Every structure is written in C-alpha cells, then in structure tokens.
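*Asks:* When you get a sec, could you give me coordinates for this:
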Amino acid sequence: MHLPLRGLALLLVALPLTALAQSPEAARLTEAAPFEAATFEAATFEAALPFALDYALALPEGYEDDPEATWPLVLFLHGSGERGDDLHLVAVHGPLKEIRGGVAFPFVLVAPQLPAERPYWDARELGALLDHIEATLRIDATQIYVTGLSMGGYGTWDLVLHHPDRFAAAVPICGGSFPFRARTLAGTPIWVFHGALDTVVPLERSAEMARAIQAVGGDVKLTVYPEAGHDSWSDTYANPAVYEWLLSHRRGDEDTGNEE
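*Replies:* All right, here's what the predicted structure looks like:
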C-alpha cells in the first residue's frame, strides 16, 4: 500500500545547542523567503549559541487544519556525502527524496545537515534539535522516530544510545555501534538494513549489533539485501512498509519480540 501524495513545506533553520533553554518567544525567526518555486521556503532560527544546525522541515498535509492535533516526528540523518551548506543535499537520499517525488507522509519530518568539516553526528546537538522541535511544533512525544544512512546510520545508533527513552523505534541503515551496549538499546524496536556486498561499511557492523540486541531480549530485526553494496538505503526508503512499521510503534508499548 502506497502512502498518499502531497506537497512539501521546507524550512532552512539554524538551531543552537542552548535552544532548549530558549522560549519560543526568545528566538528570532527571520522573514521567510522563496526557496524553490512555491513549494519551499527558507528561514533561520537565531539565538546566542555555541553551535548551529541547518535543517529541512516537512510538515504533513493537514497539519494546519487542527490546532490541537499532535503528529508523529521522524528525524532523518544523512550520510557523509550530503554534508555542506546546500540544504538540497539532504533531499538526495532518504525520506525527503521520496517527498520530492510525490509521496505524502503522515508525520513531521526533520532532516538536519552537518557542515562539510564535521565528521560525525553529535547526540547532544541532535537532542537539542529535538527539544526545539517539540517546543515549537505539535509533536506526539510517544511517536518520535530516528533513521539514517551510513554516517547517519552510525548516528542513529548513537542517538538511541544517548536517549534510550526517547524513541518509539529506529531504522539504522548500513551503520554500526558497540555490541556491548546492547542492553541500553534493547528497549527500542530497531529494524536494521544493510547490503551484503557493502565494502564501505561491512555487513558485520549491522549483524553484530542485531545479534547482541537479540541476545539480551531486545526487539530487533535485520534485513540484508544480497545484491546490494553500500547503497542499501534506496530500496529501504522507497518501501512503504518501513514507514508503516515505524508508525506502528509508540513509546511505552510493552509488547516486544524479535522478528526474523
């Protein structure tokens, strides 16, 4: 089953680490300007901070219709090739690529971008970004999800390790982490993807994590594409079942179990 089609609202935002301590009124949002045709717009969130993150924001169709409704949130972490200062790069792969192709998702999508000189995602910064999004948008705190590819796959594992009680589910793609930390991850449903022929990040990086989490009773499954190399993300993000699986989980659900 395919998800319905819709347009995309895209914002370019710079977020401070201390944004969590700022009230929405204390932040300054510059006047929006056209970004691409009539579908995109750009804005900048500014405050006195030690760092900033630009990000793309896609709101679901109907978000403005009910001011009381809350929505699921998906955080997407790109790979090393999409770092820089051109926000269009974060739409080269992943959920934003699907949205630009006409897919409509029933969740808020946030896709931050690392500057070119940054070698990896920082869980503290991403935590502050999530704090800001929850403070300024109508987010269902029981339906917050994270996914990422390659460098973003590593970032996904790391973010769940640092915030094990925050995410309802996670989808790390061709990444890896520390198997000895499996107990910290066991409370979060995780669907792992990897290509069997990956020579950039070996399949074993994902396989060892899945084995370790399964060994401590966690809710994890691993999908291996037998003919895929490093690009195990294109088929994954084009698969509606991945998003349906994410949205089927809520933080606080007590049922867990491993799937083959």
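*Asks:* Residue 215: what's its closest spatial neighbour, skipping adjacent residues?
*Replies:* Spatially, and ignoring its direct neighbours in sequence, residue 215 is nearest to residue 182 (6.8 Å; Cβ to Cβ, 6 or more residues apart in numbering). To be clear about C-beta, it is placed using only N, CA and C from the backbone, and glycine gets the same treatment.
*Asks:* where's that neighbour, which helix or strand?
*Replies:* Under the criterion of DSSP states H and E, residue 182 resides in helix 182-185.
*Asks:* residues in contact with that helix?
*Replies:* 157, 160-161, 164, 177, 209, 212-213, 215-216, 218, 220 (Cβ atoms under 8 Å, 6 or more residues apart in numbering).
*Asks:* Now do the contacts for residue 74.
*Replies:* Applying Cβ under 8 Å, 6+ apart, the residues contacting residue 74 are 95, 105, 107-110, 145-147, 243, 246.
*Asks:* show me where this structure has helices.
*Replies:* Taking DSSP state H, the helices of the chain run over residues 95-100, 123-136, 151-162, 182-185, 203-215, 233-237, 240-247.
*Asks:* For the third one, buried residues please.
*Replies:* So the one you mean is helix 151-162. For helix 151-162, burial by neighbour count (16 or more other Cβ atoms under 10 Å) applies to 151-161.
*Asks:* Any chance you could give me it in PDB, C-alpha atoms only?
*Replies:* Output of helix 151-162 as PDB, limited to C-alpha atoms (Å, rounded to 0.1, in the frame of the first residue of the first chain):
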ATOM      1  CA  MET A 151      27.300   8.100   8.700                       C
ATOM      2  CA  GLY A 152      23.600   8.700   9.600                       C
ATOM      3  CA  GLY A 153      23.200   5.000  10.400                       C
ATOM      4  CA  TYR A 154      26.000   5.300  12.900                       C
ATOM      5  CA  GLY A 155      24.400   8.500  14.200                       C
ATOM      6  CA  THR A 156      21.100   6.700  14.600                       C
ATOM      7  CA  TRP A 157      22.600   4.000  16.800                       C
ATOM      8  CA  ASP A 158      24.500   6.700  18.800                       C
ATOM      9  CA  LEU A 159      21.400   8.800  19.300                       C
ATOM     10  CA  VAL A 160      19.300   5.900  20.600                       C
ATOM     11  CA  LEU A 161      22.200   5.000  22.900                       C
ATOM     12  CA  HIS A 162      22.300   8.500  24.400                       C
END
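*Asks:* Right, I'll leave it there.
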